[in-house]
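attaching a predicted model along with its sequence, questions to come.
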Amino acid sequence: MDIIDAIMNRQSIRHYLDKDVGDDIIKELVKAGCQAPSAHNRQPWAFIVTKDKEKMNEIALNSTYAKFLPTASAAIIVCSHFDPLQQIPALPSPNLHSSQDVAAAAENILLAALNYGLGTCWIGDINDALLRRLFDIPADYRPMIIIAVGYPDPGHMTPKRKRKPLDEALHWDMW
């Protein structure tokens, strides 16, 4: 798939077929995530993959916006390493860029999924305490994003949402 087509046509999928996404494909998605740009090459990301329906259901039950998660084949929890000892010289915060880095990694996963005919949905509704308990996340890592992954159900495709016109978003030289 052409990368521009992937960017322009990607959309959030919340209805999935009852079909397993193979572990080899999941590994390729995470591998794509690991190719994201990273400030000072810190690569602060870590990925937890689960296909455990009980865990996915518990996340959904304790969420406002992830109710559909148990219908996905898998969930990828994207975590960021927050280590105060990894202070980047001249930056005001040791974690200034780690959120940006993991967001870039997540977007790579969303786009790579299209190559395999998969649908995804970025879930920002994070219950930190629950995810830490379910997945034993170390204290110096923070769960940032959940990505639902599965084969889209063609019977439940929603129309692509309109985007803000370019002339409202683009400014040349000044606002």
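Good, I have the coordinates.

ok, which stretches of the chain are helices?
3-9, 23-33, 53-61, 98-115, 128-135, 166-169 (DSSP state H).

now these in CSV, with mean pLDDT?
Shown next, in CSV, are those (pLDDT from 0 to 100):
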stretch, mean pLDDT
helix 3-9, 92
helix 23-33, 98
helix 53-61, 98
helix 98-115, 96
helix 128-135, 98
helix 166-169, 94
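
now render those as CSV, adding mean neighbour count.
(C-beta placed from N, C-alpha, C; glycine too.) Conversion of the helices of the chain to CSV gives the following (neighbours: other C-beta atoms under 10 Å):
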stretch, mean neighbour count
helix 3-9, 11
helix 23-33, 17
helix 53-61, 17
helix 98-115, 21
helix 128-135, 15
helix 166-169, 8
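
what about those helices, which gets the closest to D153?
helix 98-115 (15.0 Å; C-beta to C-beta).

packing partners for that closest one?
Contacts defined by 3 or more C-beta pairs under 8 Å, 6 or more residues apart in numbering; DSSP states H and E place helix 98-115 against helix 3-9, helix 23-33, strand 45-50, strand 74-81, strand 119-123, strand 141-150.

please repeat the previous calculation with a cut-off of 6 Å.
helix 23-33, strand 74-81, strand 141-150 (3 or more C-beta pairs under 6 Å, 6 or more residues apart in numbering; DSSP states H and E).

include distance to P159 when you put those into a markdown table, please.
Conversion of those to a markdown table gives the following (distance: least, C-beta to C-beta, whole Å):
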| stretch | distance to P159 |
| --- | --- |
| helix 23-33 | 26 |
| strand 74-81 | 25 |
| strand 141-150 | 19 |
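
which of those sits closest to Q43?
strand 74-81 (8.5 Å).

list the contacts of that closest one.
21, 26, 44, 46-51, 56, 98, 102, 106, 141-149 (C-beta atoms under 6 Å, 6 or more residues apart in numbering).

repeat that with 8 Å
Applying C-beta atoms under 8 Å, 6 or more residues apart in numbering, the contact partners of strand 74-81 are 21, 26, 29-30, 33, 42, 44-51, 56, 59, 69, 95, 98-99, 101-102, 105-106, 109, 131, 135, 137, 140-150.

and stretch 16-27, by the same measure?
Residues contacting stretch 16-27 (C-beta under 8 Å, 6+ apart): 49, 51, 71-74, 76, 116, 118-119, 148-153.

buried among these? Need that as a selection in PyMOL.
A single PyMOL command selects the buried members of these (16 or more other C-beta atoms under 10 Å):
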select buried, resi 49+71+72+73+74+76+116+118+119+148+149+150+151+152+153
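
residue contacts, P165?
Counting by C-beta under 8 Å, 6+ apart, P165 has no contacts.

model confidence at the residue lying closest to R132 once chain neighbours are set aside, what's the number?
Distances taken as C-beta to C-beta, 6 or more residues apart in numbering put P143 closest to R132, at 7.3 Å, once the chain neighbours are dropped. Here the pLDDT value assigned to P143 is 97.
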